[in-house]
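**Student:** sequence below, structure please.
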Amino acid sequence: MDTPEYAATLTGVSPRGPEPGDSALWRRRLRHDIRHELGTIIMLASAVVVADDIGAGSRERIEQLLGETRWLDHLIRQLDEDNDDDITTQPMVCPERIQVDGLTAEVVTGMRLATSHEVAFEGTAAWAHMDPVALWRALRNVLDNACRVAAGRVDVRVGVDQGWVTIQVDDDGPGFGAGTGGLASLGLGIVHDLISGYGGSLEIRTCEMGGARVRMLLPSAPPVEMTDMTKDDWRLHP
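**Tutor:** Below is the predicted model of the structure:
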């Protein structure tokens, strides 16, 4: 038999959701639940990656899963910092000095584990001032598009040319417009907005393999001496 306290608790609970005008509250609650689930995934994967009963290949995949999940957590954090009352404006995040070839190599590693295509990477040291989460989003959109339409190969190159950092992605697919559109167009629109927000530009043309070539250009930042950073630290605050 329910106690009076328990009955009072039940009668105090509203069976409906937030009022129609409470969309900001609904978004905050949803983001809270998403971040809680991401935290659980990170905790479980972290426990598995240090276990003694998994092989090197599985460990590599779990480490990559952890990396991808942490990027998603960064995205949720940016949403938390947004203004819930004005969702029509995209906040500009203060740029950081990042090593573009290092971040690109990380994204390529993840794509290699997620696709059956060959994803080749070649890069030289290249630095730019940009929000690392924005660059990660741009890279993932371009590489997702390329791997989705490629026949079997995607080439990624990072370099510096006349004061610009260039990130070039070629694929051996049918070429932009021939077998793309929809998600590809949406993804490239996102890329354009992300890159242009930090003084960059986006170019699309046909490459030597017959497919699309997407080039992202960012203003180059002065290089950082290796003595000022660890070998694997591709991000450095100004």
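**Student:** and Asp52, how far from Glu63?
**Tutor:** Asp52 sits 16 Å away from Glu63, going by Cβ to Cβ, to the nearest Å. Just so you know, the C-beta spots here come from the backbone N, C-alpha and C atoms, and that holds for glycine as well.
**Student:** should've said Val50
**Tutor:** 10 Å.
**Student:** can you check Cys207 too?
**Tutor:** Between Cys207 and Glu63 the computed distance is 32 Å (Cβ to Cβ).
**Student:** hey, C-alpha coordinates of stretch 198-207 in CSV?
**Tutor:** In CSV, the C-alpha atoms belonging to stretch 198-207 read as follows (Å, rounded to 0.1, in the frame of the first residue of the first chain):
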residue,chain,number,x,y,z
TYR,A,198,37.6,31.7,-40.3
GLY,A,199,38.7,33.5,-43.5
GLY,A,200,38.9,30.4,-45.6
SER,A,201,37.3,29.3,-48.9
LEU,A,202,36.1,26.1,-50.6
GLU,A,203,36.9,24.9,-54.1
ILE,A,204,35.2,22.0,-56.0
ARG,A,205,36.5,20.7,-59.3
THR,A,206,37.3,17.4,-61.1
CYS,A,207,40.5,15.6,-60.2
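**Student:** quick one: buried residues of it?
**Tutor:** The neighbour-count check on stretch 198-207 (16 or more other Cβ atoms under 10 Å) flags 198, 200, 202, 207 as buried.
**Student:** please apply the same query to stretch 40-53.
**Tutor:** For stretch 40-53, burial by neighbour count (16+ other Cβ under 10 Å) applies to 42, 45, 49.
**Student:** how about the contacts made by the first one?
**Tutor:** Meaning Ile42. 66, 69-70, 73 (Cβ atoms under 8 Å, 6 or more residues apart in numbering).
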